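*Asks:* Provided below for reference: sequence and predicted model.
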Amino acid sequence: MSYTGRCACGGVTATLSGTPVAIRQCWCRQCQQVAGGAHTTNAIFPADGVAITGTLATHSYTAASGNVLTHSFCPGCGTPVMAQTTARPHFRTIRLGFIDAPHDLAPDTAIWTGDAPAWAVIPDHLEHYTAQPPAPPAPAPATDPPPK
């Protein structure tokens with residue numbers, strides 16, 4: 001599988017290779033701020049499958065999990081692009097709104113639901129975590145094709 005993405009002004013683009021290891025709604029307070037009040041929705045890809053073109057601006061902070069989280073966004077239009085954490089440097093968390101539509105990606109999990117506002121609607125079919133969920137499985141190491 002592969003996906004493409006772009007910001008609203010076209011200054012940042014991406015090619016995303018492979019299948020996400022998880023797709024999550026995040027209700028932590030910082031994501032609510034990034035999203036303007038609700039959750040962010042994010043597809044977690046192995047870092048080696050993410051190729052970004054263009055200049056990104058970043059903002060880093062210590063998240064409620066205790067990990068340093070870096071948000072990346074287009075400096076021209078402000079479109080959120082991705083996040084990455086010091087706890088999982090082998091992954092990139094790509095904002096679903098950055099990925100070109102149509103696509104087949106939909107959340108499978110809701111995290112940090114303990115921070116969600118009382119009016120939040122969190123679908124029952126999603127796996128729920130009130131705080132930090134377990135880490136997704138690490139990507140399998142690349143293997144060389146067998147000699148011919």
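*Replies:* Sure, I can see it.
*Asks:* quick one: average pLDDT of stretch 64-79?
*Replies:* The average pLDDT for stretch 64-79 rounds to 93.
*Asks:* just how off-centre is it within its chain?
*Replies:* Mean-position distance between stretch 64-79 and its chain equals 10 Å (C-alpha atoms, centre = their mean, to the nearest Å).
*Asks:* can you check stretch 22-39 too?
*Replies:* Going by C-alpha atoms, centre = their mean, where stretch 22-39 is centred and where its chain is centred differ by 10 Å.
*Asks:* Just the terminal-to-terminal distance for that stretch.
*Replies:* 16 Å (C-alpha to C-alpha, to the nearest Å).
*Asks:* Tell me which residues are up against the lowest-mean-pLDDT helix or strand in the chain.
*Replies:* Ranked by mean pLDDT, DSSP states H and E, the helix or strand of the chain with the weakest confidence is helix 29-34, at a mean of 90. Residues from elsewhere that reach helix 29-34 (C-beta atoms under 8 Å, 6 or more residues apart in numbering): Ala38, His39, Thr40, Tyr61, Ala63, Ala64, Leu69, His71, Pro80, Trp112, Asp115, Pro117. Quick note: C-beta positions are derived from backbone N, CA and C, even for glycine.
*Asks:* Nearest to Pro133, out of these: which one, please.
*Replies:* Trp112 (8.6 Å; C-beta to C-beta).
*Asks:* Can you flag the buried ones in the contacts of helix 29-34?
*Replies:* His39, Thr40, Ala63, Leu69, His71, Pro80, Trp112, Asp115 (16 or more other C-beta atoms under 10 Å).
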